[in-house]
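Asker: Requesting a structural model of the entry that follows:
(one chain, ligands or ions: 1)
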Amino acid sequence: MKLSFHGADRGVTGSCHMVECAGKRVLIDCGLYQGGRELDEENAEPFGFDVATIDFVLLTHAHLDHCGRLPLLVKRGFRGEIITTAASRELARVVLMDSAHLQEEEAFYRARKVARRGKGETPRPLYTQLDALNSMEYFGRTAHYGQPLVLAPGLTATFLDAGHILGSASIHLQCAEAGKQRSIVFSGDLGNAGRPLLRDPAPPPAVDMVVMETTYGDRLHKPLAPSIEELYQAIEDTLRRGGNTIIPTFALERTQEILFHLHSGVDSGRLPRSMQVFLDSPMAISATEIFRHHPECLDEEANALLASGKHPFSLFSLHYTRETAESMALNNITGGAIILAGSGMATGGRVRHHLKHNLWREDSSVIFVGFAAQGTLARRIIDGAQSVRLFGEEIPVRAHIYTINGFSAHADRDELLAWYRHSHAPRTFLVHGEEAVMQQFASKLENTQVEMPAPGQVYEL
Ligand code: ZN
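Answerer: Below is the predicted model of the structure:
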């Protein structure tokens with residue numbers, strides 16, 4: 001029995017872990033490295049194991065840093081079975097197709113540069129949309145929360161609700177080999193308790209080992225209620241001034257959560273019923289549709305709404321703008337529009353057009369509701385840039401800028417610790433976090449042997 005590490009080791013992205021047991025080789029996640037050129041190149045490197053010998057991939061959730069290398073895995077010879085929840089499978093399809101499209105586009109522009117220079121190797125995308133579609137063929141059985149799946153004699157997997165995004169799971173593996181028994185739980189990404197739509201993370205059973213994410217292992221989140229109030233106030237002020245409200249947002253989860261809060265705001269009379277909301281992102285529209293199909297993943301509050309005939313996203317005046325022409329038409333709206341568009345950090349996507357048309361206007365607002373990494377356009381605006389460059393034009397920043405930090409999809413330090421304590425694990429492997437954060441989190445753990453695996457490290461169980 002062996003456990004080895006092939007991504008998100010002393011780093012946040014590229015999640016990929018392997019268990020060898022009962023004659024089978026099982027991957028937990030196969031994610032993309034994200035953030036900066038160096039990590040991009042890391043994705044193209046060999047996997048560090050013989051791809052053709054992998055029997056199963058168990059996917060915790062559909063974020064790109066957990067599923068994004070699946071098309072590459074299939075392209076390089078994986079012929080086993082990918083198992084995940086029904087919602088994760090649908091979301092993964094949208095996410096992988098989008099990722100493949102972006103990679104084809106990027107390769108196309110880089111190839112043109114090479115052609116102009118007349119030298120250099122023609123860049124190829126990491127994988128194409130066809131590769132992404134091919135990988136979907138390997139999705140097999142559907143996992144249901146709490147129901148054990150037999151992978152082989154002596155090897156069982158149980159998916160537990162992780163409350164992070166729709167369909168997300170922690171995975172509990174029970175292995176028996178040569179008279180030895182071991183149980184391991186992989187946390188996946190854990191959600192923030194008490195948020196709308198999703199249930200709180202399910203506590204893990206007592207196990208021998210835990211492989212644990214540590215994204216926010218060193219900090220506590222702001223409470224949700226004041227953040228919702230801030231959101232309402234910002235929208236109200238903007239409507240009063242007669243400007244537009246631009247909300248750069250992430251297609252999965254954050255968008256649906258914001259739509260839910262807007263719905264609640266209108267329902268309680270806090271926001272005007274006539275408010276015009278535009279969801280201007282094909283990927284977010286698809287993800288929202290997928291939410292509608294999976295009430296089994298939603299919490300009691302959301303299901304009670306559904307039962308009463310109200311859909312948590314059915315705002316009276318919510319418009320989906322899938323087509324480019326519809327999106328461009330939004331530029332002609334001079335006031336009163338609430339526009340949700342990606343990308344969340346304004347590094348690309350339609351939101352950049354809306355920023356160009358609204359940042360210079362004193363009556364408009366931009367509301368940031370998520371994490372903004374250093375070096376991104378969102379970060380520059382949040383940090384108080386006087387002007388920003390968009391589509392070759394210098395645009396002065398005169399709009400009201402709001403940063404609301406209470407909407408995290410990740411558990412904070414205390415929530416991670418509370419979940420962890422249920423595992424009673426004598427051995428703990430920390431992954432999916434910055435090394436300094438892991439160190440801090442490790443200092444809070446008691447009665448366990450803590451490991452922070454390096455890439456490629458193998459442990460005998
Ligand atoms: Zn995630």
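Asker: For the chain, what lies in contact range of the ion?
Answerer: Contact residues, the chain versus the ion (CB under 5 Å from the ion): 63, 189. (C-beta placed from N, C-alpha, C; glycine too.)
Asker: Contacts only, for residue 153.
Answerer: Taking CB atoms under 8 Å, 6 or more residues apart in numbering, we find residue 153 in contact with residue 22.
Asker: Got the confidence number for it?
Answerer: At residue 153, the model reports a pLDDT of 95.
Asker: and what of residue 36?
Answerer: The score at residue 36 is 66. That number is its pLDDT.
Asker: Assign the residue of the stretch 351-461 of the chain found nearest the ion to helix, strand or coil.
Answerer: Distance from the ion to each residue of the stretch 351-461 of the chain (CB to the ion) is smallest for residue 409, at 6.9 Å. Assigned by DSSP: H, G, I helix; E, B strand; the rest coil, the conformation of residue 409 is coil.
Asker: looking at this, residue 259 is in a helix?
Answerer: Yes: per three-state DSSP, residue 259 lies within a helix segment.
Asker: thinking it is in contact with residue 288, fair?
Answerer: Yes: with contact defined as CB atoms under 8 Å, residue 259 and residue 288 form a contacting pair (7.0 Å).
Asker: Compare those two and say which is more crowded by neighbours.
Answerer: Taking other CB atoms under 10 Å, residue 259 and residue 288 do not tie; residue 259 has more neighbours (24 against 19).
Asker: ok, the more buried one to the ion distance?
Answerer: As defined by CB to the ion, to the nearest Å, residue 259 lies at a distance of 19 Å from the ion.
Asker: nearest residue to that residue other than its sequence neighbours?
Answerer: Leaving aside its chain neighbours, residue 259 sits nearest to residue 313 (4.5 Å; criterion: CB to CB, 6 or more residues apart in numbering).
Asker: residues in contact with that neighbour?
Answerer: Residue 313 neighbours (CB under 8 Å, 6+ apart): 256, 259-260, 263, 288, 291-292.
Asker: quick one, phi/psi of it?
Answerer: phi -110, psi 0 (degrees, to the nearest 10).
Asker: Can you check the pLDDT for the residue nearest to the spatial centre of the chain?
Answerer: In the chain, the centroid-proximal residue (CA atoms, centre = their mean) is residue 63; its distance is 3.8 Å. You'll see residue 63 listed with a pLDDT of 93.
Asker: these two touch, right, it and residue 188?
Answerer: No: with contact defined as CB under 8 Å, residue 63 and residue 188 do not form a contacting pair (9.6 Å).
Asker: coming back round to it: what's the spacing between the residue nearest to the centre of the chain and residue 161?
Answerer: Residue 63 sits at a distance of 16 Å from residue 161 (criterion: CB to CB, to the nearest Å).
Asker: cool, and residue 58?
Answerer: From residue 58 to residue 161 the distance is 15 Å (CB to CB).
Asker: Of those two, which one has the most company?
Answerer: Neighbours were counted for residue 58 and for residue 161 using other CB under 10 Å; residue 58 has more, 25 against 20.
Asker: Could you pull up phi and psi at that one?
Answerer: With angles defined as degrees, to the nearest 10, residue 58 sits at phi -100, psi 120.
Asker: counting contacts, what elements does the biggest strand by length in the chain pack onto?
Answerer: Scanning the chain for the longest strand, with DSSP state E as the assignment, gives strand 169-177. Contacts defined by 3 or more CB pairs under 8 Å, 6 or more residues apart in numbering; DSSP states H and E place strand 169-177 against strand 17-21, strand 155-161, strand 180-186.
Asker: The second one pairs with which strands, and in what direction?
Answerer: Read that as strand 155-161. strand 149-152 (antiparallel), strand 169-177 (antiparallel) (DSSP bridges).
Asker: returning to that earlier point: may I have the residues that are in contact with the closest residue to the residue of the stretch 351-461 of the chain closest to the ion other than its chain neighbours?
Answerer: Of all residues not flanking residue 409 in the chain, residue 253 sits nearest, at 5.3 Å (CB to CB, 6+ apart). Going by CB under 8 Å, 6+ apart, residue 253 touches 164-166, 287, 409.
Asker: pLDDT score for residue 253?
Answerer: Reading off the model, residue 253 has pLDDT 86.
Asker: before we move on, what about residue 87?
Answerer: 97.
Asker: Spit out the contact partners of it.
Answerer: By CB under 8 Å, 6+ apart, the neighbours of residue 87 are 62, 166-167, 290, 293-294, 297.
Asker: Make a ChimeraX selection of the buried ones in those residues.
Answerer: In ChimeraX syntax, the buried subset of those is picked out as below (16 or more other CB atoms under 10 Å):
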select :62,166,167,290,294,297
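Asker: which ones are touching the residue nearest to the centre of the chain?
Answerer: Contacts of residue 63 by CB under 8 Å, 6+ apart are 31, 95, 165, 189, 252.
Asker: Look up how far residue 144 lies from the residue nearest to residue 259.
Answerer: Between residue 313 and residue 144 the distance is 24 Å, computed by CB to CB.
Asker: cool, residue 188 as well?
Answerer: 16 Å.
Asker: which one of the two has more residues nearby?
Answerer: Between residue 188 and residue 144, counted using other CB under 10 Å, the more crowded position is residue 188 (29 against 13).
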